[in-house]
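Peer 1: Generate coordinates for the sequence data below:
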Amino acid sequence: MRLIALPEGTYTVGLDKVFIPFNPKTDSIKDRPASLLVEIQPFLLNTTHDIILCDTGLGYTDTLGELILHKNIKSHGIMPEQITKVLLSHLHFDHVGGTVVRENGTLKLAFPRATYYVQKKEFQKAMEAPSKSYRLEILDALLNSGQLEFLDGDGYINEDIHYEITGGHTEFHQAFTIKDDHDIFFFGGDVLPDLYQLIRKFVAKYDFDGKKSAELRIAFGERSINQNSTLLFYHSIKVPFCKIVKTEIGFRVRE
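Peer 2: Numbers count the residues shown, from 1 in each chain. Below is the predicted model:
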């Protein structure tokens, strides 16, 4: 199985939920009070049966109007039309912005031959209780596409892909385990977004249930060691993925 990290860049985000590009070489976080520093990084997995995209980034475009996610994927010799499955951990804008692209003022699916997978209750919650974290026009485009498949609880999409509802970050957040004969990858979305949240037993105030997320990170870390799986970190460009071990002082990267 081929794993490709697709770093989209570093941003700051404040209470308005607007993601502003941040260049560590020229910008200072002190100039952006009450803002979090966030790295964005979808993943591509080329399996025996599928080319899978795990979450889709912000959907920002470059100076020529090309979707950054498309540009990153094509740089690895893969075309957007080749993507067969898009796995969505949840529907916050920074995870689903790249599911669509605007053409002549109309939103179209950015991956026209893919099936998009999301928890049904996550979608319902986003539609019924809109907030700045969601973009309803994106959800409408997904719903009307005919390519959206709702998942309910835990199960298998096929023999390679297992999904499980986790809650934690959002009430109906989900995670995915993707495997073949040789490799196992775990994508925990925003329940396991960063290695250091696992190492430091971090409790996020912005989670729906921060305590549950922290407990799940430990459980997923233990499972990863037992399965010899690779963890994928959506919000960590510096350490995009790794295998881990547990020492006397906690979880650490396996050398």
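Peer 1: Format the CA atom coordinates belonging to stretch 32-44 as PDB.
Peer 2: Written as PDB, here are the backbone C-alpha positions of stretch 32-44 (Å, rounded to 0.1, in the frame of the first residue of the first chain):
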ATOM      1  CA  ARG A  32      -2.800  37.100  15.900                       C
ATOM      2  CA  PRO A  33      -4.200  37.100  19.500                       C
ATOM      3  CA  ALA A  34      -6.800  34.500  20.500                       C
ATOM      4  CA  SER A  35      -5.800  32.300  17.600                       C
ATOM      5  CA  LEU A  36      -4.700  28.700  17.300                       C
ATOM      6  CA  LEU A  37      -1.900  27.600  15.100                       C
ATOM      7  CA  VAL A  38      -3.100  24.700  12.800                       C
ATOM      8  CA  GLU A  39      -1.400  22.600  10.200                       C
ATOM      9  CA  ILE A  40      -3.600  20.900   7.600                       C
ATOM     10  CA  GLN A  41      -2.700  17.600   5.900                       C
ATOM     11  CA  PRO A  42      -5.000  15.100   4.100                       C
ATOM     12  CA  PHE A  43      -3.700  11.700   3.200                       C
ATOM     13  CA  LEU A  44      -3.900   9.500   0.100                       C
END
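Peer 1: Identify each buried residue in it, please.
Peer 2: 35, 38-44 (16 or more other C-beta atoms under 10 Å). (C-beta placed from N, C-alpha, C; glycine too.)
Peer 1: pLDDT on it, on average?
Peer 2: Averaging pLDDT along stretch 32-44 yields 93.
Peer 1: okay, the buried residues of stretch 32-44 in TSV with distance to Leu64 and secondary structure next?
Peer 2: As requested, these are exported to TSV (distance: C-beta to C-beta, whole Å; DSSP: H, G, I helix; E, B strand; the rest coil):
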residue	distance to Leu64	secondary structure
Ser35	28	coil
Val38	25	strand
Glu39	23	strand
Ile40	20	strand
Gln41	22	coil
Pro42	20	coil
Phe43	25	strand
Leu44	22	strand
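Peer 1: got any ranges where the stretch 51-200 of the chain has weak pLDDT?
Peer 2: By pLDDT under 70, the stretch 51-200 of the chain has no low-scoring segment.
Peer 1: residue ranges of the helices in it, please?
Peer 2: 68-74, 93-96, 120-128, 136-143, 195-199 (DSSP state H, counting those that start in this stretch).
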